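Chemist: Predicted model and sequence follow; I will ask about them next.
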There are 2 protein chains.
Amino acid sequence: MENSKIARIRSFNRAVTRRVGALEESYLSRGRPLSEARLLFEIGRQGAALGALRQRLGLDSGYLSRMLRSLEAQGLVSVGAQDDDARARYAKLTESGHAELAAYDALADDQAQSLLMPLSPAAQDRLVAAMAEVERLMAAAAVTIVEEDPDSADANQCLDLYVTEVASRFTDGFDTAKGSTASGDEFTRPRGAFLLARLDGNPVGCGAVRLLDARTAEIKRMWVSPQARGMGLAMRMLHRLEEIARDLGAHTVCLDTNRALTEAQSLYERQGYEEVARFNDNPYADRWYSKRL
Amino acid sequence: MENSKIARIRSFNRAVTRRVGALEESYLSRGRPLSEARLLFEIGRQGAALGALRQRLGLDSGYLSRMLRSLEAQGLVSVGAQDDDARARYAKLTESGHAELAAYDALADDQAQSLLMPLSPAAQDRLVAAMAEVERLMAAAAVTIVEEDPDSADANQCLDLYVTEVASRFTDGFDTAKGSTASGDEFTRPRGAFLLARLDGNPVGCGAVRLLDARTAEIKRMWVSPQARGMGLAMRMLHRLEEIARDLGAHTVCLDTNRALTEAQSLYERQGYEEVARFNDNPYADRWYSKRL
DNA sequence: TCCATTGCCTGACTTTAGTCAGATAACTAG
DNA sequence: CTAGTTATCTGACTAAAGTCAGGCAATGGA
């Protein structure tokens, strides 16, 4: 039942909020406002550009500037110019900044330790495994899938990764030229569409659809980054592409695949695709599927 | 490896902090400071005594008073006297207070919903199960075990529950008089000790140890509340009792149990206890165990 | 009955967090 | 070279969150 799931999530939120609250409270023990401690964390061992800090922490530039002044006054941080752009500046930890960060790290480690210590090793393992599962599935839920220009930088990044992976899995390689890396307006409205999946802004998957004729759409370029696999993302992508195909007027979707891509095949079959005869001359395809919408 | 567990926990904390932050942010959409929203939540459907509110939220009494004035001015809360003590006061939601709380509830439900929606039903179930596991194990880790007066109110509450449960599980009942509900200074230093386990202040288990002679200690009254079972609490309790036995000078601990209490037996055997001959005349015991410390 | 304690309230205060409007210097496209 | 843009900084401001000291009435134990 939906409702009991929601109740569980809310109960989880409550339980976890308390823990997190206690952790943040413990940071205050070093006599510095929380926002400064957070900033110290975010600058980190390798330092960070101010722009990046502002974005990651969602800070007003004036506010950030003032906090950096304060950390500089405490001798924890030094802010210097960046090589490539003399306007931009780069914050680094000083030696005592590193020590201070280490102290905060120790606090966080203690906190984590105190969560583990009372548990038996078996229970510790269960806790850690469950935490990993929660984190993983929360990340999966945070993935957004949006229509995007297939020529954008992020789209190209995904497509490159897709090609690289396919090439490595096909026994006799993959030649971009032969593999119909069609572009232009094939995958843009009104003839098609291109979807990009992002996690925290970073592309983690893509998929495309185009009309072959007024009633038939073809799905292509489905790819999910290895880190994002096993979270049902491919299925979400496929559903969204089918939705778009319907929207474009198609009554049927088809696609081709290669026997080396086993997960893909089982996904298609689970989603109601049926094997059909060869409908194109893609030299890298050896299975063809189709589904009525 | 310990370190990787700590790293996992810290990664989990980071991931979850963000989610929680987003949830709290959403509460601001009702144009009221977060602390007032929290107070509204804490007053809840049945209302709450001001003292309890102060304690649960960790508020200064002046601050609480002011916030209540503000919520009263908004027509959400009414604060009245308490029957038993005219100094103490009790906060209740008004009708529009209930409506406002419902609106906050809806926000939290939406947030939870948005976490579920992108996931397939199977993934939703996995997420919810993992959350339950995390919550459960975090609760287990939050249980504290402390030495306490065996005559305290909380101790008696636990002992009563223990007796009730044992009575219900023994086929021929359990008579307190016969069952040697020994008290007095048997379970206090220097002859013994009594341990109470608490979760969030509420007693969830107990255990006692006493010296039979200078070198032999007996463990008695081990009990864990049903809600707190399966978290390794009994094992922790047993270890603490053995530690105390050692501290009292014992070289051997012994205990008796009943064949109806199967989990107890398997715990003792797992912890290195060996069955020995009857060493007392407890009419409810039919197994006797002993372990060298 | 007295007096220390408890529970709450009020006023005055501080710190933290964050916003807004310029100012300045460096960069970039034309 | 110029005009517009970008990255940061400064000063002035506000709201939220929290602290502290004193006050008053009710309570409870001696």
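Modeler: Structure received. Numbering: from 1, shown residues only, chains lettered A, B, ... in the order given.
Chemist: neighbours of residue A:155, just the number please.
Modeler: Number of residues near residue A:155 (other CB atoms under 10 Å in any protein chain shown) recorded here: 21. Heads up, the C-betas are built off the backbone N, CA and C, glycines and all.
Chemist: Over to the one 4 residues further on?
Modeler: If you count neighbours by other CB under 10 Å, residue A:159 ends up with 21.
Chemist: And what about it, helix, strand or coil?
Modeler: Counting by DSSP: H, G, I helix; E, B strand; the rest coil, the backbone at residue A:159 sits in helix.
Chemist: was I right about it contacting residue A:205?
Modeler: No. Look at residue A:159 against residue A:205 with CB atoms under 8 Å: they stay out of range, at 11.1 Å.
Chemist: where do the contact lists of those two overlap?
Modeler: Both residue A:159 and residue A:205 are contacted by residue A:223, under the criterion CB atoms under 8 Å, 6 or more residues apart in numbering or on different chains.
Chemist: On the three-state scheme, residue A:102 is what?
Modeler: Following three-state DSSP, the label given to residue A:102 is helix.
Chemist: Could I get the full set of strands for chain A?
Modeler: With DSSP state E as the criterion, chain A has strands at A:48-49, A:77-81, A:89-93, A:144-147, A:192-199, A:202-213, A:216-224, A:252-257, A:274-276, A:287-292.
Chemist: Quick one: these as TSV, columns for mean neighbour count, mean pLDDT and distance to DNA strand C too.
Modeler: Output for those, formatted as TSV (neighbours: other CB atoms under 10 Å in any protein chain shown; pLDDT from 0 to 100; distance: least, CB to the nearest atom of the strand, whole Å):
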stretch	mean neighbour count	mean pLDDT	distance to DNA strand C
strand A:48-49	16	94	14
strand A:77-81	15	93	8
strand A:89-93	19	95	10
strand A:144-147	14	93	23
strand A:192-199	23	93	24
strand A:202-213	21	93	24
strand A:216-224	23	93	31
strand A:252-257	20	94	41
strand A:274-276	12	94	50
strand A:287-292	17	95	46
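Chemist: and of these, who's closest to residue B:20?
Modeler: Of all these, strand A:192-199 sits nearest to residue B:20, with 18.7 Å by CB to CB.
Chemist: contact partners of the closest one?
Modeler: A:139, A:142-150, A:152, A:154-155, A:158, A:186-188, A:203-211, A:217, A:221, A:224, A:228, A:233, A:236-237, A:240-241, A:244, A:248.
Chemist: Next, the buried residues of stretch A:266-278.
Modeler: Burial within stretch A:266-278, assessed by neighbour count using 16 or more other CB atoms under 10 Å in any protein chain shown, is assigned to A:267, A:268, A:273.
Chemist: Have a look at chain A and report its longest helix.
Modeler: helix A:2-28 (DSSP state H).
Chemist: now check that helix, is it near DNA strand D?
Modeler: No. Judged by CB under 7 Å from any atom of the strand, helix A:2-28 stays clear of DNA strand D, getting no closer than 9.2 Å.
Chemist: any idea of the pLDDT on the residue in the stretch 51-200 of chain A that DNA strand D sits nearest to?
Modeler: Using CB to the nearest atom of the strand, the closest approach of the stretch 51-200 of chain A to DNA strand D is made by residue A:62 at 2.8 Å. pLDDT, residue A:62: 95.
Chemist: That one: neighbour count?
Modeler: With other CB under 10 Å as criterion, residue A:62 counts 8.
Chemist: residues contacting residue A:269?
Modeler: Neighbours of residue A:269 in contact, by CB under 8 Å, 6+ apart: residue A:289.
Chemist: For it, give its distance to residue A:252.
Modeler: Relative to residue A:252, residue A:269 is positioned 17 Å away (CB to CB, to the nearest Å).
Chemist: Repeat that for residue A:99.
Modeler: 65 Å.
Chemist: again, but for residue A:265
Modeler: According to CB to CB, residue A:265 and residue A:252 sit 19 Å apart.
Chemist: picking up where we left off before, output the strands of chain A as CSV; include the columns distance to residue B:279.
Modeler: CSV is the format used below for these (distance: least, CB to CB, whole Å):
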stretch, distance to residue B:279
strand A:48-49, 68
strand A:77-81, 68
strand A:89-93, 64
strand A:144-147, 68
strand A:192-199, 63
strand A:202-213, 65
strand A:216-224, 65
strand A:252-257, 73
strand A:274-276, 74
strand A:287-292, 74
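Chemist: in chain A, which residue is closest to the centre?
Modeler: For chain A, the residue nearest the mean C-alpha position is residue A:199 (2.5 Å; CA atoms, centre = their mean).
Chemist: now it, which residues is it bridged with?
Modeler: residue A:202 (DSSP bridges).
Chemist: For it, give its distance to residue B:260.
Modeler: Distance of residue A:199 to residue B:260, computed by CB to CB: 53 Å.
Chemist: List the contacts of residue A:2.
Modeler: residue B:116.
Chemist: Not counting residues beside it along the chain, what's closest to residue A:162?
Modeler: Nearest non-adjacent residue to residue A:162, counting by CB to CB, 6 or more residues apart in numbering or on different chains: residue A:223, 3.9 Å away.
Chemist: and what of residue A:37?
Modeler: Residue nearest to residue A:37 in three dimensions, not counting chain neighbours: residue A:27, with 4.6 Å by CB to CB, 6+ apart.
Chemist: which residues touch that neighbour?
Modeler: Residue A:27 touches A:34, A:37, A:104, A:107, counting by CB under 8 Å, 6+ apart.
Chemist: The third one: what's it in contact with?
Modeler: This points to residue A:104. A:27, A:30, A:37, A:40, A:41.
Chemist: What of the first one?
Modeler: Residue A:34 makes contact with A:24, A:27, A:28, according to CB under 8 Å, 6+ apart.
Chemist: Can you check the pLDDT for the last one?
Modeler: With respect to pLDDT, residue A:28 has a value of 93.
Chemist: burial count for it?
Modeler: Residue A:28 is flanked by 11 other residues according to other CB under 10 Å.
Chemist: Not counting sequence-adjacent ones, nearest residue to it?
Modeler: residue A:34 (6.4 Å).
Chemist: can you name the farthest residue from the center of chain A?
Modeler: residue A:73 (37.5 Å).
Chemist: any idea how far residue A:66 is from that one?
Modeler: 11 Å.
Chemist: Give the full set of residues in contact with the residue of the stretch 101-250 of chain A found nearest DNA strand D.
Modeler: Nearest residue of the stretch 101-250 of chain A to DNA strand D (CB to the nearest atom of the strand) works out as residue A:201 at 16.3 Å. Counting by CB under 8 Å, 6+ apart, residue A:201 touches no other residue.
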